[in-house]
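> just coords:
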């Protein structure tokens, strides 16, 4: 009899546990999937479960639960409200378990600093390095003997290295490197080993490399010729034109682009610690159509007109410290950064430069908002609705990356991508993620870049 009762109790507990962990029941019990909070806020989660729960976190020191920092497993009595209070900016995952064994819900809590910022919209040029040529990828070569080689990779050159000298001669362009590795004075005597001076993570290194002699097509003559090559994709320091998103008056920190600058494959963020942003002047726009994105055409004078340095290259933008204060005539005073809970589907404004250096404001519509648990560049789906912008550019074009989006007097996000099939529509990153990755609100924060096409050498 006792065994039958035990089986029945086990069966009842199992049925209740299964019902509790079903998605419908978890929503009914008030367990969210994502939570976004600002520093200084306190949130309460009310559970109606008749059982004790256990809560753990994948990292400490970001939030307090019921006035305690989670250092392990915390037991919460049945019916007790769960209080969550931020300690600092960051993202933490809470794991809630029934009886300490059965997972009920994983809650991603994102804590963002409270801040007001000067809205951007300014056109900027992005310089990846003040000197040298940047390595963005490797290429595989076939030399004149038929061997497949990659000399640069074999020599230990890494993606993100900045080549500043070849055999002691300074190089600043792709053409400089090609000239030096094919100089008759180097190869005339049969000597092929060369010294490449590179900057890596702020340190200067000298590497030896043996270029491969390859046959390439001479397009002008229509014949084949032999040239020495390194098996590297490289590009000059100028990366192109983008848009400033915000400027934080108290720290001098800025955020721009809304997405990272990557290598030729578009996969890896190039680690550059010598980057600069400079003033840019928009000279024209290639009109965007379905299947062919448009593009801003701009000029910038380089290091003669520096606006700031680049200290972070992240998935949600580039960040650094401005060397001059930014102002915006449309929004002369700083405005709050919106929490994702403040953003709503509906009309908004986008600020960008279409001609010269004048910031203009255009109508857009936020079609969709993604509730995210980690930084991502597609937190918003937006559609341009402004007739003037559509007639002048066709919608969103390259170079608008980083253009701020304002709704109800708050910065809600920045443009990141255009939909190639429909240039009137595109994606945006939530402003909260940009603020977090800028390091604003961090203790002792130190506000790191990497798009001209790379060339193969």
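Everything's here; your move. Since this is a predicted model, take the numbers as computed values, not measurements.

> phi, psi of residue 244?
Dihedral angles of residue 244 (phi, psi; degrees, to the nearest 10) stand at phi -70, psi 140.

> what's the burial count for it?
For residue 244, the neighbour count with other Cβ atoms under 10 Å is 32. Placement of C-beta: from N, CA and C, glycine included.

> in what helix or strand does residue 363 lie?
Using DSSP states H and E, residue 363 sits in strand 359-369.

> can you list contacts of that strand?
121-122, 328-330, 340, 343-354, 379-386, 388-389, 405, 407, 412, 425 (Cβ atoms under 8 Å, 6 or more residues apart in numbering).

> Buried ones only from the residues you listed, please, as a ChimeraX command.
To isolate the buried members of the contacts of strand 359-369 in ChimeraX, using 16 or more other Cβ atoms under 10 Å:
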select :121,122,328,340,343,348,349,350,351,352,353,354,379,380,381,382,383,384,386,389,405,407,412,425
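
> Helices - which of the contacts of strand 359-369 land there?
If you go by DSSP state H, the contacts of strand 359-369 have 388-389 in helices.

> which element follows the helix or strand encompassing residue 95 toward the C-terminus?
Element membership of residue 95, judged by DSSP H and E, is strand 90-98. Heading C-terminal from strand 90-98, the first helix or strand you meet, by DSSP H and E, is strand 102-112.

> now that next one, how far from the centre of its chain.
Relative to its parent chain, strand 102-112 has a centroid offset of 24 Å by Cα atoms, centre = their mean, to the nearest Å.

> Tell me the strands beside the helix or strand following that strand, with direction?
Scanning forward in sequence from strand 102-112 by DSSP H and E, the next helix or strand is strand 116-119. Partner strands and pairing direction for strand 116-119 (DSSP bridges) are strand 238-247 (antiparallel), strand 335-336 (antiparallel).

> Buried ones in strand 116-119, by neighbour count?
By neighbour count with 16+ other Cβ under 10 Å, strand 116-119 contains the buried residues 117-119.

> Can you lay out those residues as JSON lines showing pLDDT and distance to residue 318?
Formatted as JSON lines, the buried residues of strand 116-119 follow (pLDDT from 0 to 100; distance: Cβ to Cβ, whole Å):
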{"residue": "117", "pLDDT": "96", "distance to residue 318": "16"}
{"residue": "118", "pLDDT": "97", "distance to residue 318": "17"}
{"residue": "119", "pLDDT": "98", "distance to residue 318": "17"}
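
> Export these to JSON lines and append columns for distance to residue 132.
Compiled in JSON lines, those are given as follows (distance: Cβ to Cβ, whole Å):
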{"residue": "117", "distance to residue 132": "33"}
{"residue": "118", "distance to residue 132": "33"}
{"residue": "119", "distance to residue 132": "34"}
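
> what's the spacing between residue 141 and residue 211?
9 Å (Cβ to Cβ, to the nearest Å).

> quick one: contacts for residue 180?
Applying Cβ under 8 Å, 6+ apart, the residues near residue 180 are 166-167, 169, 171, 186, 194.

> from what I can see residue 63 touches residue 82, true?
No: the pair residue 63 / residue 82 is not scored as a contact, 11.0 Å apart, by Cβ atoms under 8 Å.
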